[in-house]
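Asker: Here is my input, please return the structure:
(2 chains)
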Amino acid sequence: MLQIPCPWCGVRDEDEYRCGGQSHIARPALDSSDEVWSDYLFNKDNPKGVHYERWLHVFGCGRWFNIARHTVTHEILAVYRMGDPKPTVEGGAP
Amino acid sequence: MKRYSIFSLAAGALTRHRRWEPAWRTAQPRKAYDIVIVGAGGQGLATAYYLAKKHGVRNVAVLEKGYLGSGNTGRNTQVTRSNYYWPESAAFFDLSLKLWEGLSTELNFNIQLSQRGILTLAHSHHELDALQRWANAIQVNEVDSLVLSPEDIKRRVPLLRLDGRYPVHGGFIQPRGGTSRHDAVAWGYARGASALGVDIIQQCEVTGLAMQGDRVTGVETSRGPIGAGKVMLAVAGHTSVLAAMAGLRLPVVSMTLQAYVSEPIKPCLDTILLSPVVHMYLSQSDRGEIVFGGGADAYPSYSQRGGVPVLQDTIAAMIELFPAFSRLRLMRQWGGIVDITPDTTPLMGPTSVENLYISGGWGTGGYKAIPAGGDTMAYTLVHGAPHPLIKAFGLDRFARGALIDEGAASGVAH
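Answerer: So this is what the prediction gives:
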């Protein structure tokens, strides 16, 4: 069971949360090509290592936040709010 | 290759089983091959086998970082079926099922195919409507399916509780669906491919791709560089990691899918039973164990362990449907890394990098596709263009918006 620290509620079990996938994906310009839109919509970094991702505290405060988590060990290396810049984390590419 | 038969078995018994040959050669890597396949799982080995058997391409190596069949091929729950919704999927997966039906003879290796049927349950009136639509679509695809009443289901699965928390309103069965022995599939293809001249090289991890401009020319491995005319990636959950070595980003998220096995008991369940809504499916192995699984862990992961919440949910659902199984002891639990695409349809064929091919995106249902995946990818590698049956499964479908949104791909939602 992952213990995930919500920035507002503190540490709770993983089944109070829902993972929203990769974070920091920038929306392309409206007149972008189909390839660029396809990349934005579907392609993912999917790293074996540090992953920057969004989580929703669905059975808690109902708010979104970001975490940096290692996808092999599941160790949570940073917790930060939506809109905050991507932190540099030891052991992973920024 | 020494053929297996009742006579070879008797001869083996008379010599106290001391004279059996290894099923495949132990190969050392050569400098270069026409085709290098990364990953000695079912897909990679089947592709190598059909390259040699059907196309005469024998200068082929299959590289494996661990031991043969140690990834998802040896971790899945052995279900074969072709009860898909969309015509593109049904045509491909039914070819696979037809190949499964002749595979023991083809490989001269008993893969223990048991077509005991796969039965999907509906727990509400509305779900039954949706299942009937699904069952009709399967029939239109010229694949077998049969809608069942609760009474039919009770007759087939006496231990199932029909009036509990998840009442059974009906369901449908694909009678040709079944189980087989996953290790035997890997071993059978490896033995066949090796006998035809394919080098299967274990303990050989690919650490990089050798590139010349926009073209792949070989692979870097833990046992030195190996040149290749063409490279195919068949690495399941690590598809993104290997593709990144060629600078490719893919529409794939890797997740952990768990499976569980109980202690063995007497025969009590002679079909595969699946409930999409409560996220649980189960069958009984030939050894008597109850083999079951559920949804994937709900976040990206490269861990082959699996978390507790999904384990709890899956067991709770199973016990609700089969109260008798609450007395069983859980013998083993494990996880495999599955590469899930947005439409749960595989990624197959050439890539934007010249000479680099992918057989991936198999998600939670690649095992059943092993024979057809190998057959069509062998054709694709030889012709440099996708086999007609997998044309719709190419990487270009996302930019074209031509997704094959296959809700039936995993049977349960992931």
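
Asker: Wait, a strand at B:Pro371?
Answerer: No - per DSSP: H, G, I helix; E, B strand; the rest coil, B:Pro371 lies outside any strand segment and is helix.

Asker: Kindly report the residues of chain B close to chain A.
Answerer: B:238, B:240-241, B:249-254, B:298-303, B:307-309, B:342, B:398-401 (Cβ under 8 Å from any Cβ of the partner chain). In short, each C-beta sits where N, CA and C put it, glycine included.

Asker: Helices along the chain, start to end?
Answerer: Using chain A. Counting by DSSP state H, one finds helices in chain A at the ranges A:34-42.

Asker: switch to chain B, that's the one I care about
Answerer: Under DSSP H, chain B gives helices at B:6-14, B:42-55, B:87-101, B:103-107, B:125-140, B:150-156, B:182-195, B:239-244, B:308-321, B:370-383, B:397-400.

Asker: What parts of chain A come near chain B?
Answerer: Selection of chain A residues close to chain B by Cβ under 8 Å from any Cβ yields A:1-2, A:13-15, A:18-19, A:21-22, A:34-35, A:37-39, A:41-48, A:51, A:53, A:69, A:71-74.

Asker: In strands, which of the residues you listed appear?
Answerer: A:13, A:18-19, A:21-22, A:51, A:53, A:69 (DSSP state E).

Asker: just curious, which of these is nearest to B:Glu205?
Answerer: A:His51 (22.1 Å; Cβ to Cβ).

Asker: where does the closest residue to the closest one other than its chain neighbours fall, phi/psi-wise?
Answerer: Once flanking residues are discounted, A:His51 sits nearest to A:Thr71: 5.0 Å by Cβ to Cβ, 6 or more residues apart in numbering or on different chains. For A:Thr71, the backbone dihedrals are phi -80, psi -10 (criterion: degrees, to the nearest 10).

Asker: circling back: mind putting the helices of chain B into TSV with mean neighbour count, mean pLDDT and distance to B:Met280?
Answerer: Below are the helices of chain B laid out as TSV (neighbours: other Cβ atoms under 10 Å in any protein chain shown; pLDDT from 0 to 100; distance: least, Cβ to Cβ, whole Å):
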stretch	mean neighbour count	mean pLDDT	distance to B:Met280
helix B:6-14	11	95	39
helix B:42-55	27	98	24
helix B:87-101	21	97	22
helix B:103-107	18	98	28
helix B:125-140	16	94	15
helix B:150-156	16	97	15
helix B:182-195	24	98	20
helix B:239-244	22	98	27
helix B:308-321	18	96	4
helix B:370-383	25	98	24
helix B:397-400	17	96	31
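
Asker: Quick one, which of the residues of chain A next to chain B are buried?
Answerer: By neighbour count, with 16 or more other Cβ atoms under 10 Å in any protein chain shown, those hold A:2, A:14-15, A:19, A:22, A:37-39, A:42-48, A:51, A:53, A:69, A:71, A:74 as buried.

Asker: how close does B:Ala130 get to chain A?
Answerer: Computed with Cβ to the nearest Cβ, to the nearest Å, the distance linking B:Ala130 and chain A is 24 Å.

Asker: what residues are up against that residue?
Answerer: Contacts for B:Ala130 (Cβ atoms under 8 Å, 6 or more residues apart in numbering or on different chains) come out as B:Ala122.

Asker: now it: how far from B:Gly117?
Answerer: Per Cβ to Cβ, to the nearest Å, B:Ala130 is found 20 Å from B:Gly117.

Asker: Point out where the stretch 301-414 of chain B drops to low pLDDT.
Answerer: B:408-414 (pLDDT under 70).

Asker: all strands for it, in order.
Answerer: Remark: strands assigned in the stretch 301-414 of chain B by DSSP state E, counting those that start in this stretch are B:330-340, B:347-350, B:356-360.

Asker: mind checking which of those is nearest A:Val89?
Answerer: strand B:330-340 (22.0 Å).

Asker: Okay, and the beta partners of B:Arg332?
Answerer: B:Val261 (DSSP bridges).

Asker: That one contacts B:Val261, correct?
Answerer: Yes - counting by Cβ atoms under 8 Å, B:Val261 is a contact partner of B:Arg332 at 4.7 Å.

Asker: Going by neighbour count, which residues of stretch B:202-215 are buried?
Answerer: Neighbour-count burial for stretch B:202-215, counted by 16+ other Cβ under 10 Å, picks out B:202, B:204, B:206, B:209-211.

Asker: May I have that stretch as PDB, with CA atoms only?
Answerer: C-alpha atoms of stretch B:202-215 as PDB (Å, rounded to 0.1, in the frame of the first residue of the first chain):
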ATOM      1  CA  GLN B 202      19.700 -15.800 -23.200                       C
ATOM      2  CA  GLN B 203      21.300 -13.600 -20.500                       C
ATOM      3  CA  CYS B 204      22.000 -11.000 -23.200                       C
ATOM      4  CA  GLU B 205      20.500  -7.600 -22.400                       C
ATOM      5  CA  VAL B 206      20.100  -5.000 -25.100                       C
ATOM      6  CA  THR B 207      21.500  -1.800 -23.700                       C
ATOM      7  CA  GLY B 208      21.300   0.400 -26.800                       C
ATOM      8  CA  LEU B 209      20.500   0.500 -30.500                       C
ATOM      9  CA  ALA B 210      23.200   1.200 -33.100                       C
ATOM     10  CA  MET B 211      22.000   4.000 -35.400                       C
ATOM     11  CA  GLN B 212      23.300   5.400 -38.600                       C
ATOM     12  CA  GLY B 213      21.300   8.600 -39.200                       C
ATOM     13  CA  ASP B 214      17.700   7.600 -39.100                       C
ATOM     14  CA  ARG B 215      18.400   3.900 -39.600                       C
END
